[in-house]
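Provided below are the primary sequence and the corresponding predicted coordinates.
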Amino acid sequence: MREIKFKLFFKGKFVGWQRETTIHSYKELWTIQSQYSKDGTEWSYDLYIMHDDKKQYTGRKLKDKEIYEGDILGGGDELGNGFVEWSSNQIAFILRWYCEDGSSETPLLSDEISGYSEIIGNIHENPELLEEIKYVLSESKM
């Protein structure tokens with residue numbers, strides 16, 4: 001059995017969670033989806049939380065808070081703010097940030113995230129934080 005968790009967003013606002021559980025039986029593979037509203041109430045199988053984007057749980061935590069794709073991490077004194085994204089090249093979630101030497105990235109599994117103190121937002125509800133990072137990243141390439 002394997003469980004994958006997602007945060008659900010609609011028009012840039014967090015609306016709930018989705019869990020997908022894959023169960024392997026002798027000859028079959030079953031995937032069960034469960035959805036939960038923001039307050040944790042499970043929705044019945046015939047109802048659906050409307051969403052236009054979902055971000056996957058990375059399997060990592062920062063101070064007991066789950067880190068999801070699209071989260072923006074802050075408090076990294078030397079590293080600056082960073083954001084979590086999926087890298088098809090590395091086939092892993094990565095943390096991308098700007099430092100004085102330019103932009104950088106590291107797999108989320110590394111100890112680099114220990115330099116961050118909190119999750120300060122996400123790319124949907126706090127796009128201004130992402131714009132600041134992207135601006136700094138683009139300036140560093142000039």
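Yep, it's here.

and Glu85, how far is that from Tyr48?
Using Cβ to Cβ, to the nearest Å, one obtains 27 Å as the distance from Glu85 to Tyr48. Quick note: C-beta positions are derived from backbone N, CA and C, even for glycine.

what pLDDT does the residue positioned nearest the centre of the chain get?
The central residue of the chain, meaning the one whose C-alpha is nearest the mean C-alpha position (Cα atoms, centre = their mean), is Glu69 at 1.7 Å. In this model, Glu69 is scored at 93, pLDDT.

Find the nearest non-adjacent residue to it, please.
Counting by Cβ to Cβ, 6 or more residues apart in numbering, the nearest residue to Glu69 once its immediate chain neighbours are dropped is Lys55, at 4.2 Å.

which strand in the protein runs the most residues?
Longest strand in the chain, counting residues (DSSP state E): strand 13-24.

Pull out the CA atoms of that one and give them to me as CSV.
Output in CSV follows, covering the C-alpha atoms of strand 13-24 (Å, rounded to 0.1, in the frame of the first residue of the first chain):
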residue,chain,number,x,y,z
LYS,A,13,-6.9,29.6,-2.9
PHE,A,14,-6.3,26.5,-0.8
VAL,A,15,-9.5,24.4,-0.7
GLY,A,16,-8.6,21.1,0.8
TRP,A,17,-6.5,17.9,0.6
GLN,A,18,-6.6,14.7,-1.5
ARG,A,19,-5.1,11.4,-0.6
GLU,A,20,-4.5,8.7,-3.1
THR,A,21,-3.9,5.2,-1.8
THR,A,22,-2.7,2.5,-4.1
ILE,A,23,-3.3,-1.1,-3.0
HIS,A,24,-1.7,-4.0,-4.7
